[in-house]
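>>> please work out how this folds:
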Amino acid sequence: MDADQPNAGPKRGVLRAARALARQWRPIVAERVRERTGLGTPDEPMAPAGSLPDRDAWDSASFGAFWFGQATSMLRVGKQTILTDPHFAEHAGVGLRGKPTGRRRSIALPATVDDLPPIDVLVLTHAHMDHWHKPTLEKLVRPTTTVVVPKHTRKLLPDRGRGFKNVIELRWQESEDLNGFAVTAWPCKHWGARYLIDRFRGYNAYVIKDDQRKLLFAGDTADTDAFDSLEDIDTAILGIGNSYEPWDAVHATPEQAAAMAERMGAARLMPIHHSTFHDAVEPVGQPLERLRAVWAPRAMICEDVGVAHLE
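Predicted coordinates:
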């Protein structure tokens, strides 16, 4: 692992984490059994989501943002379309014998991969299952798409990234000019292992900057002062949920996300990583309710799945 990028994965509170996992996985297992056997109470249907913005309006926008759920966002910056941490599936988790496991979506996907406009740049923050979904990535392979990833993760891409235009691995503080905007890997407080034992893999937040604005896409992070030195942040894209406890060592609460955005002087906040998948300890809508209580009346965009923001 790079010396300047410590692995902040969960090392303490193992019993606490194990108890929380047991609470989470009991309803998940029960749900999957019902799906496969048809027995028991039917699952609650997924809530509907919005739809993609008009293609011409999107292409002509000086800035655009759209949230698909979890950390999957589409951004229009520097006349290019960026897709972050793409996950286009109904379940988050590993696949067993070709069938998905893990939590089911609470809110329907507003579009499929086939519905997307051409993606110029894919930005991946780390290799966790709900951020680095291999079946989705396989569908996104294009010879016109550049991929930005953390160090030591290229091999996890389909065919090691050979089908893409270019694959750029970045350490913290390294930057790349992508002919319309610059992307800089930024420190955050999380961890990068995909299979628990591969703790050498990197994990990044990203600062994305064109001639008109500067964004922070934080991916997953716990409360940290790593963003305090940033200036002129137009939009801070921060996670506000995903089982606050015992994962508060690697995921920020809504209140912590608001405080981080305030400390960096962000003009507005785009909350992600909440209310997407069923969670036994985090009711749908609760993270956003808590965020609104501490961020109001300041500006917020794309707080709901399937709602576009265009300028």
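
>>> how close does the most centrally placed residue in the chain sit to W186?
Centroid-nearest residue in the chain: A71, 1.9 Å away (criterion: CA atoms, centre = their mean). When distance is defined by CB to CB, to the nearest Å, A71 is 15 Å away from W186. Every C-beta, even on glycine, is put in place using the N, C-alpha and C of the backbone.

>>> confidence score at the residue nearest to the centre of the chain?
Predicted confidence (pLDDT) for A71: 97.

>>> and it, how far from D54?
For A71 relative to D54 (CB to CB), the value is 24 Å.

>>> A205 now?
In terms of CB to CB, A205 sits 30 Å off from D54.

>>> I'd say the residue nearest to the centre of the chain and A92 touch.
No - judged on CB atoms under 8 Å, A71 makes no contact with A92 at a distance of 10.7 Å.

>>> overlap of the contact sets of these two?
Common contacts of A71 and A92 (CB atoms under 8 Å, 6 or more residues apart in numbering): D130.

>>> which residue sits closest to the residue nearest to the centre of the chain, ignoring its sequence neighbours?
Of all residues not flanking A71 in the chain, D85 sits nearest, at 3.9 Å (CB to CB, 6 or more residues apart in numbering).

>>> in a strand, V207, correct?
Yes - if the criterion is DSSP: H, G, I helix; E, B strand; the rest coil, then V207 is within a strand.

>>> neighbours of V148, just the number please.
23 (other CB atoms under 10 Å).

>>> what is the burial count for L196?
9.

>>> which SS class is it?
On the basis of three-state DSSP, L196 is classed as coil.

>>> would you map the helices across the protein?
14-37, 55-60, 134-140, 254-263, 286-295 (DSSP state H).

>>> what's the last one packed up against?
Helices and strands touching helix 286-295, by 3 or more CB pairs under 8 Å, 6 or more residues apart in numbering; DSSP states H and E, are helix 254-263, strand 268-272.

>>> which of the ones you listed sits most buried?
strand 268-272 (a mean of 24; mean count of other CB atoms under 10 Å).

>>> which residues does that one contact?
By CB under 8 Å, 6+ apart, strand 268-272 touches 65, 67, 70-71, 73, 234-240, 254, 257-258, 261, 287-288, 291, 295, 298-303, 309.

>>> from those, which land in strands?
65, 67, 73, 235-239, 299-300, 309 (DSSP state E).

>>> got any ranges where the stretch 101-250 of the chain has weak pLDDT?
The stretch 101-250 of the chain contains residues with pLDDT under 70 at 101, 242-248.

>>> ok, now which ones touch G285?
Counted by CB under 8 Å, 6+ apart, G285 has contacts S275.

>>> ok, it to L269 distance?
17 Å.

>>> again, but for M300
Applying CB to CB to M300 and L269 gives a distance of 5 Å.

>>> what touches both of these two?
L291.

>>> quick revisit: now the ones in strands among the contacts of strand 268-272 in TSV, with neighbour count and distance to N179?
Converted to TSV, those look like this (neighbours: other CB atoms under 10 Å; distance: CB to CB, whole Å):
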residue	neighbour count	distance to N179
A65	24	21
W67	28	25
S73	21	21
T235	25	21
A236	24	25
I237	29	22
L238	28	27
G239	26	29
A299	12	29
M300	19	31
H309	20	24
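
>>> what about Y203, how many residues nearby?
30.

>>> do the same with D228
D228: 10 neighbours (other CB under 10 Å).

>>> N179 now?
Other residues close to N179 by other CB under 10 Å number 11.

>>> who's in contact with it?
78, 80.

>>> how about G265?
230-233.

>>> of those residues, select the buried ones using a PyMOL command.
Buried subset of those, written as a PyMOL selection, criterion 16 or more other CB atoms under 10 Å:
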select buried, resi 230+233
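
>>> surely L215 and D232 touch.
No - using CB under 8 Å, L215 makes no contact with D232, being 10.5 Å away.

>>> run through the strands of the stretch 101-250 of the chain in chain order.
103-104, 121-123, 146-150, 166-170, 175-177, 182-186, 205-209, 214-217, 235-239 (DSSP state E, counting those that start in this stretch).

>>> and among those strands, the most buried is which?
strand 235-239 (a mean of 26).

>>> parallel or antiparallel, list what pairs with that one.
When pairs are called by DSSP bridges, strand 235-239 turns out to pair with strand 214-217 (parallel), strand 268-272 (parallel).

>>> how about JSON lines for those, with distance to P150 added?
Shown next, in JSON lines, are those (distance: least, CB to CB, whole Å):
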{"stretch": "strand 214-217", "distance to P150": "13"}
{"stretch": "strand 268-272", "distance to P150": "18"}
